[in-house]
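K.L.:
this one's sequence-less:
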């Protein structure tokens with residue numbers, strides 16, 4: 001299991017379309033992936049879960065991945081959230 005604190009640098013935060021794109025990125029990986037903000041933890045592969053977080057630009061989240069491709073999954077999610 002690997003975790004990272006990631007600052008959201010997407011210009012619009014995680015509105016509907018960027019949240020859907022994050023779900024698509026996460027869904028490419030076999031690992032279980034979760035995003036946490038404060039005390040709320042949701043499955044990064046669930047559009048409804050991601051929408052409930054209401055994440056804005058500049059906020060930090062903890063992303064956790066567990067599985068054989070966890071490092072690659074975290075790297076790609078971080079790249080997406082940092083708008084790279």
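P.N.:
Received the coordinates, thanks. What you see is a predicted model; the values in this text were computed from it and never measured. Numbers count the residues shown, from 1 in each chain.
K.L.:
Just the endpoints, please. Distance across stretch 22-40?
P.N.:
17 Å (C-alpha to C-alpha, to the nearest Å).
K.L.:
pLDDT of the one helix or strand residue 25 maps to, averaged?
P.N.:
Element membership for residue 25, per DSSP states H and E: helix 16-27. In this model, helix 16-27 has a mean pLDDT of 96.
K.L.:
and that helix, what does it pack onto?
P.N.:
Judged by 3 or more C-beta pairs under 8 Å, 6 or more residues apart in numbering; DSSP states H and E, helix 16-27 is in contact with helix 47-53, helix 70-81. C-betas here are computed from N, CA, C, even on glycine.
K.L.:
And the contacts of it?
P.N.:
If you take C-beta atoms under 8 Å, 6 or more residues apart in numbering as the criterion, helix 16-27 is touched by 10, 12, 14, 33, 44-47, 50-51, 55, 73, 76-77, 80-81.
K.L.:
Kindly write the ChimeraX command that selects the buried subset of these.
P.N.:
Buried subset of those, written as a ChimeraX selection, criterion 16 or more other C-beta atoms under 10 Å:
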select :10,14,33,44,45,46,47,50,51,55,73,77,80,81
